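**Student:** fold the following, please.
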Amino acid sequence: MPISWTIQKNAEAAVTFGSLNLHSAQLQVVTQAPDLFTVTQAADYDADPVFAHGDTVTIYREAAQWFKGRCIATPRQGSGSAERISYKIAGPWWQLANIIYEQDYTREYKGETQIQEETVNLARIILGTDLNGNRVHSGQVITAAVNYALTQIGAGALFQLGTVEVATAIPFEEVKTVSCAEIITRVLRWNPDVVAYFDYATLTPTLHFKRRASLAALTYDIEDVVITDNNINPRHDLQKDGVEVKYERTDTFDGRELTEILTDSAGDLGDPFKVLKVYINLEGSQVSLTKQTVEVETIQETSGAWWRRQLPQLAGATSVTVSGGTRTPVDDEDDGGQNDGSSFDSMLVSGSIADWMTRKVCDQVIKGEVTYTKDGVTKTEDLTFSVRGTNAVSKTYTYVSNSSAGESPPTGLASAVLSSFSRLHYEGSITLHEAEVGATDHIKKRLNVLGGRSEWESMHAQIYNVRYSLDSGTTQIDFGPAKHLGADDLFQLTRNVRTRQGANGSIRRGGSSSQSVLPTKGPATITAGGGSSSSGVMVIYLAGQTVPNLIYLSSIMEGYDPETDDNWFIQFQVENGRLKDLFTDAPTGTSNTTPFDGDAEASTDQTYFRLPLIYSTEGEKITNDLSGIYRENVVCTATGPKAELIRIG
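**Tutor:** A predicted model of the protein is given here:
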C-alpha cells in the first residue's frame, strides 16, 4: 500500500503533493549543516509560488511529522519545453547559521556622579569562558550559542535544544562576527565524533548533540544495499593511539618574563606515527608594579645635633643645645589643607607618599630655644621650622598597579581528543532501494554491514549525510569523516589550532582581568571574611584553573621584613569548609571535617581559610608551612575556591 505524503504551509491544512502538482521531492539530512528539502512544481514560471520566502513548510509521512523547515528560495525556470517553480526548504540549522552570535561584556563608563557599570553585547566571542572569566566546557559553549539563537528568533524558532553529550574543556579562543552555527562547528573540532541532528518527530524539532559511541546501531545485510563503487575503507590515518598537548605560557611580572611549558598527554605515545601532537600558546598574565622608595628619620626636637642638620643657619655651629623643644602637628583641614593634625615621630627625608601606599603625612611644627656658637659668637634664639611628618618607614613600597590573569590550560583536553580519535573510522556510501522511503532516521545511527568483510559487521561507522528521494524510494547514506566540514577531522583540528587566536578569559569582565580585585587607583583594600581589613590583594587563580608559579610574587612583599611581618596569607574562599574537595590532588588523608589543622586560620563560618606564607629571598619564592597542600601548578576543582594573596593589617 503506497505511503501517504502530505505537505503543510504554515498553519494551513496539510495537502497531498499531487494536489499542488509537486514532484521530484528530495531531502538531504546532514550533520552540522542545514538539512535541505527540495521539490519542483509544474506551473507557469511567472505564477505565484505556493510557498513564499519565509514560509514554514512541514512534511508528513503518513500522519507523522517527517521534516520541518523554512522556505529560503523559489527559483523559476521556463523554456520552450517546460515551465516550473522549484522550492528550497532549509531545516532549522539554517536559523543557527544566520544569527550572528554576541556575548555579554561588562564595561565601566563615567556617569553624571560616579563610575557606573553596564552590560553590552558584542560580536567579539571568547570561546570557553563565561562573563566572569571562569572556564566553561564545550557543551556549555554550545548550549549558550543555541539558547542565544532561540532568544533572538523568539516565537519563529523552528527548533528546541535537546541532549548535549559533550563536555570538553577547550582552550580560550577569540573569534569575531561569527554565526551561532560557526561557534558550534568550531567547538566540535575538538570532538569530531559528535553528531548534531534534529529529531523531527517532535512537534518542535529537537536538536541533539550525541557522541558516536552512544548512537544506536543500524545494521544492513549486504544483499539489501548497494555499496557505491564497492568502496568501504578504513581510515587508519585518522586513528591515534595517543595525544600530547603542550602549552606554552609567558607571564610578565614587572617587566620580567617567565615562560612555562605544561604538557597534557593521554594514551600510548610510543609510536610517533600514531601520536597526535598539538602545541597551544596560552595568554600569559601581566602584572605591573608601581614602586616608591622612601627614606625617613626620627624627629628629635630636643637634639641639638638634629637641629643643626635641619637648619642651614646652624651649619658650622658648635655647642648647639635646645631648650623646650616641642613638636606640634598641623591641622588645616577646616581651611582646605591636607594636614589632619596627626602626630608622627618620623619625618620624610626623600621620596613621596602616594595614596596607594596606605601611609599618611602631616606637617610637624618644631619650636625651641636654641643656643649655639658660630664664628666665635654664642647666641640664643627662639627658632621655628616645619618638617613633613609621616608614619611610613624607610623602604621601597610596591603596589600592583595593574594586573591581568593569564589563561590556564584546560583540564583533560588530551584525553577528550583521544576519545574521538582512538576508534577506527570507516568511510563510504551505500544506497537503499525501496518502494517507498522508510521511516528510519539514519543520521542518528551508527552503521554496520553484514555479509561483507568481517570488520564491517562492527565498524559502527558515523553517518554524516543522508539523501532521500521520495519519487524513486532511494536512500543514499554517506558515512565517515564529514566531508562538508573539511578535508578530514584531523586536518581540520590541527588547522584550528594553527589559526587559533588566544584570548584572556577575563576580557569580558571589564577592560582588564576579572581575576584581579585591584583598583586602578587608590589603595588596594578589601574586607576579608570576619570583617578584618586586608591590603595588597592579588587574585592568584579561580576555580578550575592552574595555580601559576609563585616566582616573582615575592616582589609584592618587597620592603617587608619576613622576620617581623608575618601578615601575608594565601586566602581561599570556600563554601563548605572542606579542604579535601578544593584540589584535584589534595594530600591523601586530608580531613573533610577538620580541614583547618596546623597553622591555617579559618573563619568561624568556614567561608574562607588562610595559609600563612614563608618568604624566602633565596629563589624568590613564597611557600607555606602546610606541607604539600599548596603547591606550584596544583589544579583547583571546577567547583573549588578563589585564592588571593593578601596582607592582613
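
**Student:** phi, psi for the residue nearest the centre of the chain please.
**Tutor:** With distances taken as C-alpha atoms, centre = their mean, residue 129 lies nearest the centre of the chain, 2.4 Å away. The phi and psi torsions at residue 129 (degrees, to the nearest 10) take the values phi -140, psi 150.

**Student:** I figured it hits residue 136, correct?
**Tutor:** Yes. Residue 129 lies in contact with residue 136 (C-beta atoms under 8 Å); the separation is 6.3 Å. C-beta here means a position set from N, CA and C on the backbone, and glycine is covered the same way.

**Student:** domains of the chain?
**Tutor:** If you go by automatic domain parsing, the domain ranges for the chain are 5-91, 291-398, 516-649.

**Student:** quick check: end-to-end length of the first one?
**Tutor:** From its first residue to its last, domain 5-91 covers 18 Å (C-alpha to C-alpha, to the nearest Å).

**Student:** and stretch 207-226, by the same measure?
**Tutor:** 30 Å.

**Student:** now residue 43: how far from residue 208?
**Tutor:** Applying C-beta to C-beta, to the nearest Å, the value for residue 43 to residue 208 is 37 Å.

**Student:** next: residue 232.
**Tutor:** Residue 232 is 26 Å from residue 208, by C-beta to C-beta.

**Student:** residue 131 too?
**Tutor:** Residue 131 is 27 Å from residue 208, by C-beta to C-beta.

**Student:** how many other residues sit next to residue 212?
**Tutor:** Residues lying near residue 212 (other C-beta atoms under 10 Å) number 20.

**Student:** chain neighbours aside, what residue packs nearest to it?
**Tutor:** residue 193 (4.1 Å; C-beta to C-beta, 6 or more residues apart in numbering).

**Student:** list the residues that contact the nearest residue to residue 70 once chain neighbours are set aside.
**Tutor:** Spatial nearest neighbour of residue 70, excluding adjacent residues (C-beta to C-beta, 6+ apart): residue 90 at 5.6 Å. By C-beta atoms under 8 Å, 6 or more residues apart in numbering, the contact list for residue 90 reads 34, 35, 36, 69, 70, 72.

**Student:** the last one against residue 53, yeah?
**Tutor:** Yes. Counting by C-beta under 8 Å, residue 72 touches residue 53, with 6.9 Å between them.

**Student:** for those two, indicate the residue with more neighbours.
**Tutor:** residue 72 (16 against 12).

**Student:** just to be sure, the more buried one is in a helix?
**Tutor:** No. Residue 72 is assigned strand when assessed by DSSP: H, G, I helix; E, B strand; the rest coil, not a helix.

**Student:** return the distance of it relative to residue 97.
**Tutor:** 11 Å.

**Student:** now swap in residue 40 and tell me
**Tutor:** For residue 40 relative to residue 97 (C-beta to C-beta), the value is 24 Å.

**Student:** do the same with residue 39
**Tutor:** From residue 39 to residue 97 the distance is 21 Å (C-beta to C-beta).

**Student:** tell me which of these two has more neighbours.
**Tutor:** Neighbour totals were compared for residue 39 and residue 97, and residue 39 leads with 24 against 18 (other C-beta under 10 Å).

**Student:** does the more buried one sit in a helix, a strand or a coil?
**Tutor:** strand.

**Student:** who does it bridge with?
**Tutor:** residue 87 (DSSP bridges).

**Student:** all helices in this protein, in order from the N-terminus.
**Tutor:** 93-97, 138-153, 180-187, 304-310, 413-421, 489-499 (DSSP state H).

**Student:** which one of those lies nearest to residue 325?
**Tutor:** Residue 325 lies closest, by C-beta to C-beta, to one member of the helices of the chain: helix 304-310, at 7.9 Å.

**Student:** pull out the buried positions in the closest one.
**Tutor:** 304, 306, 307, 308, 310 (16 or more other C-beta atoms under 10 Å).

**Student:** will you turn these into a markdown table that also has pLDDT and distance to residue 247?
**Tutor:** A markdown table is the format used below for those (pLDDT from 0 to 100; distance: C-beta to C-beta, whole Å):
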| residue | pLDDT | distance to residue 247 |
| --- | --- | --- |
| 304 | 94 | 66 |
| 306 | 95 | 59 |
| 307 | 95 | 64 |
| 308 | 94 | 63 |
| 310 | 94 | 59 |
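
**Student:** can I get those residues in a markdown table with distance to residue 189?
**Tutor:** Converted to a markdown table, these look like this (distance: C-beta to C-beta, whole Å):
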| residue | distance to residue 189 |
| --- | --- |
| 304 | 81 |
| 306 | 74 |
| 307 | 78 |
| 308 | 78 |
| 310 | 73 |
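
**Student:** which single one of the residues you listed is nearest to residue 200?
**Tutor:** residue 310 (91.4 Å).

**Student:** quick one, what contacts the nearest residue to the closest one once chain neighbours are set aside?
**Tutor:** What sits nearest to residue 310 in space, not counting adjacent residues and going by C-beta to C-beta, 6+ apart, is residue 385, at 6.5 Å. Counting by C-beta under 8 Å, 6+ apart, residue 385 makes contact with 310, 311, 365, 366.

**Student:** the third one and residue 328 touch, don't they?
**Tutor:** Yes. Here residue 365 lies in contact with residue 328, judged by C-beta under 8 Å, at a distance of 4.6 Å.

**Student:** mind listing what's buried in stretch 175-194?
**Tutor:** Here stretch 175-194 shows 175, 178-194 as buried, counting by 16+ other C-beta under 10 Å.

**Student:** per-residue confidence averaged over it?
**Tutor:** Averaged over stretch 175-194, pLDDT sits at 93.

**Student:** quote the end-to-end distance of that stretch.
**Tutor:** 22 Å.

**Student:** now swap in stretch 454-468 and tell me
**Tutor:** 28 Å.

**Student:** give me the distance from that stretch to the chain's centre.
**Tutor:** Distance of stretch 454-468 from its chain centroid, counting by C-alpha atoms, centre = their mean, to the nearest Å, is 36 Å.

**Student:** can you give me the pLDDT of the residue nearest to the centre of the chain?
**Tutor:** We have a pLDDT of 88 for residue 129.

**Student:** quickly list what it is bridged to.
**Tutor:** residue 135.

**Student:** number of nearby residues for residue 283?
**Tutor:** 23.

**Student:** then residue 323?
**Tutor:** 12.

**Student:** I'd like the numbering to begin with 11 instead of 1 from here.
**Tutor:** Shifting the count to begin at 11 puts that one at residue 333.

**Student:** that one and residue 391 touch, don't they?
**Tutor:** No. Using C-beta under 8 Å, residue 333 is not in contact with residue 391, being 11.0 Å away.

**Student:** I am finished for the moment; much appreciated.
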